[in-house]
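Q: no sequence on this one, just coordinates:
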């Protein structure tokens, strides 16, 4: 992926108990049974929590999840994205507050495919 004009080069570290997530998907999703969930973010039907993968955790965070785990975040409780390149290519990151995390899993959630099917 080519670097864009809005890419930060370096390392991003959360403060307090904040969590930085990646792989948060906003497009069309498909359930295990084959139902297609349209990309309706921003409409009243698009208000639902979303999964993101933990990229880094603030120093004051005492929750059980760790880097690499998947967290379910309350709808709208994330920041706009920032593109960052920490030396392994460009990644889209978002910050969430620990209080907005509803659940976590050490495996990629299977209730809906995130992005393209594997």
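A: Looks like it came in fine. Bear in mind that the values here come from a model prediction, so they are computed numbers and not experimental data.
Q: can you pull out the strands in this protein?
A: With strands called from DSSP state E, the chain shows them at 7-9, 19-22, 29-31, 36-37, 50-57, 70-73, 82-85, 90-96, 101-105, 112-113.
Q: Please identify the most buried of those.
A: Mean neighbour count, computed with mean count of other Cβ atoms under 10 Å, is highest for strand 19-22 among those, reaching a mean of 23. Glycine gets a C-beta too; all of them are placed from N, C-alpha and C.
Q: Report the mean per-residue pLDDT for it.
A: Averaging pLDDT along strand 19-22 gives 96.
Q: Give me the phi and psi angles of residue 65.
A: According to degrees, to the nearest 10, the main-chain angles of residue 65 amount to phi -70, psi 160.
Q: From residue 94, how far out is it?
A: Distance from residue 65 to residue 94, counting by Cβ to Cβ, to the nearest Å: 16 Å.
Q: Ok, residue 48 next?
A: From residue 48 across to residue 94, the span is 16 Å (Cβ to Cβ).
Q: same question, residue 72
A: For residue 72, the distance to residue 94 under the criterion Cβ to Cβ works out to 14 Å.
Q: Could you list the low-pLDDT ranges of this protein?
A: Residues of the chain that meet the criterion pLDDT under 70 lie in 1-5, 27-30, 37-47, 111-118.
Q: residue contacts, the spatially most central residue of the chain?
A: Nearest to the centroid of the C-alpha atoms of the chain, with distances taken as Cα atoms, centre = their mean, sits residue 52, at 2.7 Å. Contact analysis of residue 52 by Cβ atoms under 8 Å, 6 or more residues apart in numbering lists 21, 22, 23, 24, 70, 71, 73, 78, 94, 96.
Q: Would you format these as TSV with distance to residue 61 included?
A: Shown next, in TSV, are the contacts of residue 52 (distance: Cβ to Cβ, whole Å):
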residue	distance to residue 61
21	13
22	16
23	19
24	18
70	16
71	11
73	14
78	16
94	16
96	11
